[in-house]
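Chemist: Mind folding the following:
(chains A and B)
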Protein chains: 2
Amino acid sequence: MQDHLSRTFSALADPTRRAMLARLSDGEANVSDLAQPFLKDMSLPAVTKHLKVLENAGLVIKTRNAQWRPCRLNAEPLAEATDWIEQHRIAWEAQLDRLGNYLQTRTRGGRHARKK
Amino acid sequence: MQDHLSRTFSALADPTRRAMLARLSDGEANVSDLAQPFLKDMSLPAVTKHLKVLENAGLVIKTRNAQWRPCRLNAEPLAEATDWIEQHRIAWEAQLDRLGNYLQTRTRGGRHARKK
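Modeler: Modelled structure (predicted):
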């Protein structure tokens, strides 16, 4: 059983699924409209499977509305994924800055020492 | 062969690999120091395999420095991953705002209509 964040990243690790999310970021879409662009390259069950992965990760919510079944994006797991990445990217950049400052201080110290 | 972005997300889709990246976001680490916290739960080959996935995704760069082999984080693929997510999250939120405004206008329009 994958943890929540791993499920999100795993769902994002496929170009078809990212294309589906990109489509849904422009607004709700019916399952068949969402599937349509991919049917020239893969079977309907393959497309449905990708959609199921997105649903299981909580990235897509499928609702029922009389005759049609609109899908909509759920941006919450996306926000969590960005938070995780940015937290560590910022920590890394802060660490690089500290290292840069330290090296600069040492270089300056070295110059002063040589001048003496 | 996975595309670049899929490789990044795939590498992030595992708690051990995320813990390794979290450790490296605090600064470089030797392979053995990086592996150490995970060896109570898994074998060294298993840990090495996770590190290899991170290297293949370009998230970790292993260098050689005389006796030791420091690993460092490469934040570039992380930035690309955030860019992809945020682009679509922002598009989705903008779409929700437009929908909200439209509904508000309609509601106001409805009220005016009823008042007449």
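Chemist: C-alpha only now, for contacts and for neighbours.
Modeler: Noted.
Chemist: Report the buried residues of the longest helix along chain A.
Modeler: The helix that spans the most residues within chain A, counting by DSSP state H, is helix A:76-115. Of all the residues in helix A:76-115, those buried under the rule 16 or more other C-alpha atoms under 10 Å in any protein chain shown are A:P77, A:L78, A:A81, A:T82, A:I85, A:E86, A:H88, A:R89, A:A91, A:W92, A:Q95.
Chemist: Which ones among the residues you listed also lie next to chain B?
Modeler: Restricting the buried residues of helix A:76-115 to those touching chain B (C-alpha under 8 Å from any C-alpha of the partner chain) yields A:L78, A:T82, A:I85, A:E86, A:H88, A:R89, A:A91, A:W92, A:Q95.
Chemist: how much space between the closest residue in space to A:E76 that isn't next to it in sequence and A:Q104?
Modeler: Distances taken as C-alpha to C-alpha, 6 or more residues apart in numbering or on different chains put A:L59 closest to A:E76, at 7.7 Å, once the chain neighbours are dropped. Going from A:L59 to A:Q104 by C-alpha to C-alpha, to the nearest Å gives 45 Å.
Chemist: tell me, how many neighbours does the residue nearest to A:E76 end up with?
Modeler: By other C-alpha atoms under 10 Å in any protein chain shown, 22 other residues sit near A:L59.
Chemist: isn't it right up against A:A75?
Modeler: Yes: between A:L59 and A:A75 there is a contact under C-alpha atoms under 8 Å: 6.6 Å.
Chemist: Low-confidence stretches in chain A?
Modeler: Residues of chain A meeting the criterion pLDDT under 70: A:110-116.
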